[in-house]
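In: pasting the sequence and the predicted coordinates here, then a few questions.
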Amino acid sequence: MKSVKELATENKIQERLKNNPVCLQLVNYLFADDELQEMQDYANNVSIRRLGFNDHGPVHMRQVVGNAIKMLNILHDSGIKTSLEQEEVGTFEDSMCAVILAGLMHDLGMSIGRQAHEEMSVLLAKPIIERALLHVFPDNLHKRVIIRSVAMEAIIGHMSSRKIHSIEAGILLVADGCDMTKGRARIPLSINTAPKVGDIHKYSANAINRIGIHHGERKPIKIDIEMSGDVGFFQIEEVLLTKIDSSPAKQYIELYAGVTGQERKCYL
């Protein structure tokens, strides 16, 4: 059974894709895929209950997809082409399909463990990516090849540990970093009470009240973060900024953050 939050996030994604029937067909196929759901659920079990990390399961992966769709649409509205468009080998729709696939599968490797989980995610995601693309593009091998390649680049590059080159992978990287609000740390904080190494990530995420992704004033994409306390700056400076700095989409992003009631700090 899917949680209320999973279903609500799916509805938001479907709403954002209502004018893009191909991408909507893809997400609907993936949302109905029982094996993918089981893999996401188990990845979250390992992440939270075994390892004591934040949410890395179905809600997180859906949140990342939602973030990525919003960012790609802002770039598109601003007249900025994706890498597939710039290289004249694919369309904006193809790029959107790639980030959807990557977003819903980038943390599947957490079902095995934290170390090198992005590499494990690629191995686990590949057959699902291939069958999903065969469902959506049964007669177009070219699209299946390019979308699969970009999706796998985004998956393996989402930890900033490997050089990535496409705007699509760069957007997925930042979209992943933007899912760090208090809801993501709620369950780990409630069931893991003994102090341990790495707790700063949970407490820092718990201080993030809201993250807004909007059209920017100086650059196309504006990320605006509101926190309840200064501990939230750790999550921004150690996680999100690291991802933005490694992203080929960095030049299109402006970032502001601050504690509620105080002036926002401009990072980018």
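Out: It's in.

In: for residue 169, which non-adjacent residue is closest in space?
Out: Of all residues not flanking residue 169 in the chain, residue 154 sits nearest, at 4.0 Å (CB to CB, 6 or more residues apart in numbering). Heads up, the C-betas are built off the backbone N, CA and C, glycines and all.

In: and that neighbour, which helix or strand is it part of?
Out: helix 141-156 (DSSP states H and E).

In: you'd agree residue 258 is up against residue 229?
Out: No - the pair residue 258 and residue 229 does not pass the contact test of CB atoms under 8 Å, sitting 11.1 Å apart.

In: of these two, which one has the most company?
Out: Neighbour comparison, residue 258 and residue 229: the larger count goes to residue 258, with 17 against 14 (by other CB atoms under 10 Å).

In: from residue 245, how far off is that one?
Out: 20 Å (CB to CB, to the nearest Å).

In: quick one, what contacts the residue most central in space within the chain?
Out: Against the mean C-alpha coordinate of the chain, by CA atoms, centre = their mean, the closest residue is residue 64 at 2.8 Å. Residues near residue 64 by CB atoms under 8 Å, 6 or more residues apart in numbering: 103, 106, 172, 175-176, 178-179.

In: so it sits in a helix?
Out: Yes - counting by DSSP: H, G, I helix; E, B strand; the rest coil, residue 64 falls inside a helix.

In: local confidence estimate at it?
Out: Residue 64 carries a pLDDT value of 98.

In: any idea how far the nearest residue to it once chain neighbours are set aside lies from residue 155?
Out: Spatially, and ignoring its direct neighbours in sequence, residue 64 is nearest to residue 103 (4.4 Å; CB to CB, 6+ apart). With distances taken as CB to CB, residue 103 is found 9 Å from residue 155.

In: which regions of the stretch 101-250 of the chain lie under the pLDDT threshold?
Out: For the stretch 101-250 of the chain, applying pLDDT under 70 flags the ranges 182-202.

In: what's the distance between residue 260 and residue 90?
Out: 42 Å.

In: looking at these two, which is more packed in?
Out: residue 90 (22 against 10).

In: where along the stretch 151-268 of the chain do the helices fall?
Out: Using DSSP state H, counting those that start in this stretch, the helices assigned to the stretch 151-268 of the chain run over residues 167-177, 182-191, 199-206, 232-235, 241-245.

In: and the last one, what does it pack onto?
Out: If contacts are counted by 3 or more CB pairs under 8 Å, 6 or more residues apart in numbering; DSSP states H and E, helix 241-245 sits against helix 167-177, strand 253-259.

In: for the shortest one, same thing?
Out: Using 3+ CB pairs under 8 Å, 6+ apart as the contact criterion, the secondary-structure elements in contact with helix 232-235 are helix 199-206, strand 253-259.

In: recalculate using a threshold of 10 Å.
Out: Here helix 232-235 touches helix 199-206, strand 208-215, strand 221-227, strand 253-259, going by 3 or more CB pairs under 10 Å, 6 or more residues apart in numbering; DSSP states H and E.

In: out of these, deepest packed?
Out: When you average the neighbours per residue for each of the helices and strands packed on helix 232-235 (mean count of other CB atoms under 10 Å), strand 221-227 leads with a mean of 21.

In: that older thread, include distance to residue 147 when you put the helices and strands packed on helix 232-235 into CSV, please.
Out: Converted to CSV, the helices and strands packed on helix 232-235 look like this (distance: least, CB to CB, whole Å):
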stretch, distance to residue 147
helix 199-206, 31
strand 208-215, 23
strand 221-227, 23
strand 253-259, 24
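
In: out of those, flag the one nearest residue 69.
Out: strand 208-215 (10.0 Å; CB to CB).
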